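Enquirer: Pasting the sequence and the predicted model now:
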Amino acid sequence: MPHQNLKDPLHGVTLEVILSRLVEHVGWKELANRIPVRCFLFDPTLTSSLRFFRKTPWARKKVEDLYVKVFKKHFCAALGPTKGKK
């Protein structure tokens, strides 16, 4: 069972952690460029963003996908070498 969770890079990662890491890594301005939603464009805060993304599944999916894309190297390292490769 533990190996199933390794396939989901978001397993155990809260929306608050996702947003905090993205803000720290790319900043609010770049988040607004990549995902042009009001909570990123006008006076962005973690609280307003969390409120919006918890209520808006399509937007949350975009943030989660961006998180996976931005931190892809970290997920690959956590999974270790792929089968058949040394």
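Expert: Ah, there it is. On a predicted model such as this, the values are computed, not experimentally measured, just so you know. Numbers count the residues shown, from 1 in each chain.

Enquirer: only C-alpha atoms for contact and neighbour calcs from this point on.
Expert: OK.

Enquirer: for this protein, which residue is closest to the average position?
Expert: residue 67 (2.7 Å; CA atoms, centre = their mean).

Enquirer: give the contact list for it.
Expert: Applying CA atoms under 8 Å, 6 or more residues apart in numbering to residue 67 gives the contacts 18, 22.

Enquirer: Restrict stretch 16-26 to CA atoms and write it as CSV.
Expert: Coordinates of each C-alpha in stretch 16-26 appear next as CSV, following Å, rounded to 0.1, in the frame of the first residue of the first chain:
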residue,chain,number,x,y,z
GLU,A,16,-1.7,25.7,2.3
VAL,A,17,1.7,24.1,1.8
ILE,A,18,1.2,24.0,-2.0
LEU,A,19,0.4,27.8,-2.1
SER,A,20,3.1,28.7,0.4
ARG,A,21,5.8,26.9,-1.5
LEU,A,22,4.7,28.3,-4.8
VAL,A,23,4.7,31.9,-3.5
GLU,A,24,8.1,31.3,-2.0
HIS,A,25,9.5,29.8,-5.2
VAL,A,26,7.9,31.9,-8.0
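
Enquirer: starting at the chain centroid, how far to that stretch?
Expert: Distance of stretch 16-26 from its chain centroid, counting by CA atoms, centre = their mean, to the nearest Å, is 7 Å.

Enquirer: Contacts for that stretch next, please.
Expert: 31, 46, 50, 63, 64, 67.

Enquirer: Quick one: mean pLDDT over the helix or strand where the fifth one lies.
Expert: Meaning residue 64. Residue 64 belongs to helix 57-70 when assigned by DSSP states H and E. Averaging pLDDT along helix 57-70 gives 96.
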